[in-house]
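[1] build me a structure from this.
(chains A and B)
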Protein chains: 2
Amino acid sequence: MKKNAFYAQSGGVTSVINATAAAVIQEAKKFPNQINKVYAGQNGILGALRENLIDTSKESKKLIESLYYRPGGVFGSCRYKLKSFEENAKEYKRLIEVFKAHDIGFFFYNGGNDSADTAYKVSQISKNLGYDITCIAIPKTVDNDLAVTDTCPGFGSVAKYVAISTQEASLDVQSMMESSTKVFILEVMGRHAGWIAGSSSLAKQNNSDAPHIILLPEITFNQTAFLKKVKETVTKLGYCVVVASEGIKNNKNKFLAEADTKDAFGHAQLGGVAPFLANLISQKLKLKNHWAVADYLQRSARHISSKVDLEHAEAVGRYAVRYAVKGMNGVMPVIKRKKTSKYSWEIVPAKLSKIANIEKKLPKSFITKDGFGITKKGIDYFSPLIQGEGPIDYKNGIPKLEKPNLILAKKKLPNWK
Amino acid sequence: MKKNAFYAQSGGVTSVINATAAAVIQEAKKFPNQINKVYAGQNGILGALRENLIDTSKESKKLIESLYYRPGGVFGSCRYKLKSFEENAKEYKRLIEVFKAHDIGFFFYNGGNDSADTAYKVSQISKNLGYDITCIAIPKTVDNDLAVTDTCPGFGSVAKYVAISTQEASLDVQSMMESSTKVFILEVMGRHAGWIAGSSSLAKQNNSDAPHIILLPEITFNQTAFLKKVKETVTKLGYCVVVASEGIKNNKNKFLAEADTKDAFGHAQLGGVAPFLANLISQKLKLKNHWAVADYLQRSARHISSKVDLEHAEAVGRYAVRYAVKGMNGVMPVIKRKKTSKYSWEIVPAKLSKIANIEKKLPKSFITKDGFGITKKGIDYFSPLIQGEGPIDYKNGIPKLEKPNLILAKKKLPNWK
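    Model (predicted):
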C-alpha cells in the first residue's frame, strides 16, 4: 500500500547533507507503488512536531538536482533531542499523530548519534502507539564519530578543507617566518573526538611539512610538552604549524578555552582554543604567531568538498529508500570499506541498536607515541576520504544557488504547544 | 649590454604572488640579449642585503610553471622596510654593492606601498652611488590599498574567498537558526581599509542575503547602532551574518579588540574583533552566535583563487620585464580598468612617485548611508575581480606541490652585519 515519506535533517549540517536529501527524493520516485510524496521536516524533527511539512513534490527537478551543490540544510535542521519515551511520551505520540494524519509510512532521519537513537525509539514504539512506520536513520556528521560505519558523510569534505587550508597557510607562514610570524595555529571542530584535527595530517607530503603539532581531544593537553615541541620545531624548521581541536582539555578535564576564561576573565565567549594557545606562545616563548578559527567555514565549504564524501552522501540517501521499501525497519545504511588495495566501498545495513548514542573516538593506533601526530595507519584511513573534488557550478564568481519553494502541506491537526 | 636581474617579494604574501614571480622569470627569458640570470632574494630584500641570491636558472621549467598554482612566497618574503637614505645610507650602499658584485642591472620589487617607496628611492639614488640600475615595483597586496592601480594582484582572490565563505556559512546558519545559532561573525583582514570586508557583499544574490552587516575601518564603530541592526535583522530574517574587518575602531580611535583587552584583561593576544563582537552580542542581546577568524587562510586560499586576479598577477610580472628592458626606471605596471560595458583591463606604467607610501581607502560612494553595507557602485567595482576560478592541480586530494631547489649564488662579499 502506497504511503508518504517523511525526511528530516538533524543537528549540525554539512556541506553535502543536501546531496543525501536529493538522493532520498529522487530515489523515492523510483518506487511509485510504495512511496507517494516525500515531506521534509521544516527545521528537522521540529517540523514533524509542529506539523510543518515541506512538500518536496512542489520543488522543481532543477532545484532537487541543485541540492548536490548546496551546503547547509536546505529544509532547515535543529538541535532538538527527543527525550526517552518514559520521560516524554507526549512527543512520541504527537509524532505518530502527525505521521498518521499525513499518511506517512516511512521515516528517514538524517543525523548523528542522537538521530539514530530517536529513529530507533520510534521504530520500537510506533506499533504500540497504534501506527506502524518504517524507520531508517541516515548517517551524517562532520564529527565522524558514529559507530559501525567506516566514515560519516560530511566528514571527508571537512577533512579535505582542513588538509588544504593547513597546507596553504603553512606555505604562507614559511614565506614570512624569517622576519615575522613563526607559529600558526588553526582551530578546528571536534568537541569530543579528534577526527577532524587528525585529518589535517593529510597536508603532509614530506616529514617536515605542516602540521607539526596536532592537538587531539583524546590526549590530555600537556603545556610543557607542547611548548617544548613548538620551540624545537621553530628551532629546526624556522616555523611551526599547530592544528588544534576545539575540544582539547587540560589535566583537570576542563576545556582549555573555558579554563582560561574561568581563571582570569569571566567572559565565557571570548575563549577559543586558538587564541588561548596563541597567548601561551606569546607569553612563554615570545614567538610571533597568528591564529585562525575555521568554525562554520569548514563544515559549509562545499566549494572544496571531497568527491568521495559526496558520493557517500548520495549513496546513503539512495540505500535508505531501498531499505525502507523492503520494509527493513530500525536500520541505517552505513559505509563499509572493502578489503581491496585500491580504496573501494559499499553500503550495508546496520542495526540502529548498535549505533544509537555510541561515540567513536580516534583509535589509539592512529595517534603517534608523543600524542602530537597521526600514524601511517591513520593516514591510510583518512586519505581515501578526501579524494576528488565535488563538481560545482559557479555564477558570477560564486557558487550558483537555486531558490527552493518550501511549500508546506496543509495542516490537519491542532497546533503543537 | 647584458645584465642580471634581481626579483624580491615583500610584505604579506598572497595566493597568486608566485604567478608574478613565474611571469618575471619566464618573460626575462624572452630578452636574452638584455637579461641574463634572474636572481630571487631569499626572504625578500633581506636576500639582497645578506647576499642570499637564489639562482632561478637552477630551477626546472616544471617548477617555474608550477608557481602559478602555489600560494605563499616561494622564495620567502619579509617585513623589512628600508629607512630613508638620510637615516640609513648604509643599507642603500650595501644594496648597490651586492647589485654591482652580481652584475645586476634590473631590480624588480614585488610588494605594496613600502616596496614602491623602496624601489623609488633606489631608482633615484643608484646613479649617485656610482651604479645605475633600472628599478621596477610590481604591485601585490591583498589589502588592495595601492594608489593609481585599479586593483592589486592578490586582492581578487581574497575577495572571492571571502564572498564564497560568507555565502556558504550563511547557508549553514540559516539551517540552524530555529533552535541554535542566530548570529555568525566572520573576521577578515584589513587593518586600515575595508576592501576585503567590503568584497563580502558579493555573496548577496538577493537583498535579504548575507552579509547583513559589514563593519569597515572607514566607519567608526557605533555599538548602539550595530546591536540595533543585529536585533532587527534577527527579528526580520531569523538570523544575521556579520563580516568584520580586523581594523574597525571605536570613537576613541582604538581598535575594538585592543580596546577590550586594555579595558578588562591585559592579554593583548586574546583579542580579535570576532570574539569581541560575539561577546557583545551574547551579553547585550542574549543571542546564540558563532564566529570565525579567517586570518592566513584567506590570503593563501589558492584553491579558490580568482582567475581574473591570477591573470592580473601574471600580467604585471610580464610587463615589469618589458618596461625594464625598455629602460623605464622608477615605474610600476598597474592595472587599468577600461571603460567598456563588459569588464576589460590593460596594463599601463605609472610613476612610483605617485604610488609610494599612499594608502587608498574604500571610497565613500561605495559605502551605504547607514555605514553597514556596500552600494551598487561598490558591487560594480568588486564583481569583475572575482570572476573565474584559477586552474589547480590536485594530487591525492590536495593541491600538488613541486619542490624548489633554491640554490644560492656564490657569495662575493663580506657578510652583512
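[2] and stretch A:88-100, is it in reach of chain B?
    No: counting by Cβ under 8 Å from any Cβ of the partner chain, chain B is not contacted by stretch A:88-100; separation bottoms out at 14.4 Å. All C-beta spots, glycine's among them, are computed from the backbone N, C-alpha and C.
[3] domain ranges for chain A?
    A:3-143+A:303-358+A:388-399, A:155-300 (automatic domain parsing).
[4] distance check, A:M332 against A:V316.
    Relative to A:V316, A:M332 is positioned 8 Å away (Cβ to Cβ, to the nearest Å).
[5] intersection of neighbour lists for the two?
    Common neighbours of A:M332 and A:V316, counting by Cβ atoms under 8 Å, 6 or more residues apart in numbering or on different chains, are A:138-139.
[6] these two: who's more crowded?
    More crowded of A:M332 and A:V316, by other Cβ atoms under 10 Å in any protein chain shown: A:M332, with 31 against 27.
[7] the more buried one and A:C135 touch, don't they?
    No: under the criterion of Cβ atoms under 8 Å, A:M332 makes no contact with A:C135, lying 9.9 Å away.
[8] next, show the common contact partners of the two.
    Here A:M332 and A:C135 have A:119, A:352 as joint contacts, going by Cβ under 8 Å, 6+ apart.
[9] strands of the stretch 1-150 of chain A, residue ranges please.
    For the stretch 1-150 of chain A, the strands defined by DSSP state E, counting those that start in this stretch occupy A:3-9, A:35-41, A:53-55, A:104-111, A:134-139.
[10] contacting residues around whichever residue of the stretch 101-250 of chain A sits closest to chain B?
    The stretch 101-250 of chain A approaches chain B most closely through A:L171 (3.2 Å), counting by Cβ to the nearest Cβ. By Cβ under 8 Å, 6+ apart, the contact set of A:L171 is B:70-72, B:300, B:401.
[11] work out for me the element it sits within.
    Taking DSSP states H and E as the definition, A:L171 sits inside helix A:155-176.
[12] relative to strand A:134-139, how tilted is that helix?
    Using axes from the mean of the first three to the mean of the last three Cα atoms, to 10 degrees, the direction of helix A:155-176 lies 10 degrees away from that of strand A:134-139.
[13] okay, now A:T368: neighbour count?
    Count around A:T368 with other Cβ under 10 Å applied: 13.
[14] what sits against it?
    For A:T368, the contacting residues are A:374-375, by Cβ under 8 Å, 6+ apart.
[15] could you check how far it is from A:K140?
    30 Å.
[16] from the chain's centroid, how far away is stretch A:29-44?
    24 Å (Cα atoms, centre = their mean, to the nearest Å).
[17] same deal with stretch A:82-101?
    Counting by Cα atoms, centre = their mean, stretch A:82-101 comes out at 26 Å from the chain centroid.
[18] circling back: any chance of the strands of the stretch 1-150 of chain A in JSON lines, plus mean neighbour count?
    Formatted as JSON lines, those follow (neighbours: other Cβ atoms under 10 Å in any protein chain shown):
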{"stretch": "strand A:3-9", "mean neighbour count": "26"}
{"stretch": "strand A:35-41", "mean neighbour count": "24"}
{"stretch": "strand A:53-55", "mean neighbour count": "23"}
{"stretch": "strand A:104-111", "mean neighbour count": "27"}
{"stretch": "strand A:134-139", "mean neighbour count": "29"}
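[19] I'd like those strands laid out as a markdown table, including mean pLDDT.
    As requested, the strands of the stretch 1-150 of chain A are arranged in a markdown table below (pLDDT from 0 to 100):
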| stretch | mean pLDDT |
| --- | --- |
| strand A:3-9 | 98 |
| strand A:35-41 | 98 |
| strand A:53-55 | 98 |
| strand A:104-111 | 98 |
| strand A:134-139 | 98 |
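[20] so which of the ones you listed is nearest B:E59?
    Nearest to B:E59 among the strands of the stretch 1-150 of chain A is strand A:134-139 (46.9 Å), distances taken as Cβ to Cβ.
[21] could you list the alpha-carbon positions for that closest one in PDB?
    Extracted in PDB, the C-alpha atoms of strand A:134-139 (Å, rounded to 0.1, in the frame of the first residue of the first chain):
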ATOM      1  CA  THR A 134       9.400   2.100   8.800                       C
ATOM      2  CA  CYS A 135      12.200   4.000  10.400                       C
ATOM      3  CA  ILE A 136      15.600   4.500   8.800                       C
ATOM      4  CA  ALA A 137      18.400   6.600  10.200                       C
ATOM      5  CA  ILE A 138      20.800   8.100   7.600                       C
ATOM      6  CA  PRO A 139      24.300   8.900   8.700                       C
END
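[22] got the angle for that strand vs strand A:104-111?
    Orientation of strand A:134-139 against strand A:104-111 (the same axes, to 10 degrees) gives an angle of 20 degrees.
[23] now for strand A:134-139, which elements pack on it?
    For strand A:134-139, the packing partners by 3 or more Cβ pairs under 8 Å, 6 or more residues apart in numbering or on different chains; DSSP states H and E come out as strand A:104-111, helix A:113-125, helix A:307-325, strand A:331-337.
[24] worst average pLDDT in those?
    Ranked on mean pLDDT, the bottom entry among these is helix A:113-125, at a mean of 92.
[25] pull out the buried residues from that helix.
    By 16 or more other Cβ atoms under 10 Å in any protein chain shown, the buried positions in helix A:113-125 come out as A:113-123.
[26] after the least confident helix or strand in chain A by mean pLDDT, next one along is what?
    For chain A, the helix or strand with the lowest mean confidence is helix A:256-260, at a mean of 67 (criterion: mean pLDDT, DSSP states H and E). Counting by DSSP H and E, the next helix or strand C-terminal to helix A:256-260 is helix A:273-285.
[27] and stretch A:51-59, does that touch chain B?
    No: Stretch A:51-59 stays clear of chain B (Cβ under 8 Å from any Cβ), getting no nearer than 10.0 Å.
[28] before we move on, what about stretch A:295-308?
    Yes: contact of stretch A:295-308 with chain B (Cβ under 8 Å from any Cβ) involves A:295-297, A:299-304, A:306.
[29] measure that stretch end to end?
    Using Cα to Cα, to the nearest Å, the end-to-end distance of stretch A:295-308 comes to 23 Å.
[30] what about it, distance to the chain center?
    With Cα atoms, centre = their mean, you get 10 Å for stretch A:295-308.
[31] before we move on, what about stretch A:352-371?
    Relative to its parent chain, stretch A:352-371 has a centroid offset of 15 Å by Cα atoms, centre = their mean.
[32] got the end-to-end distance for that stretch?
    Using Cα to Cα, one end of stretch A:352-371 lies 33 Å from the other.
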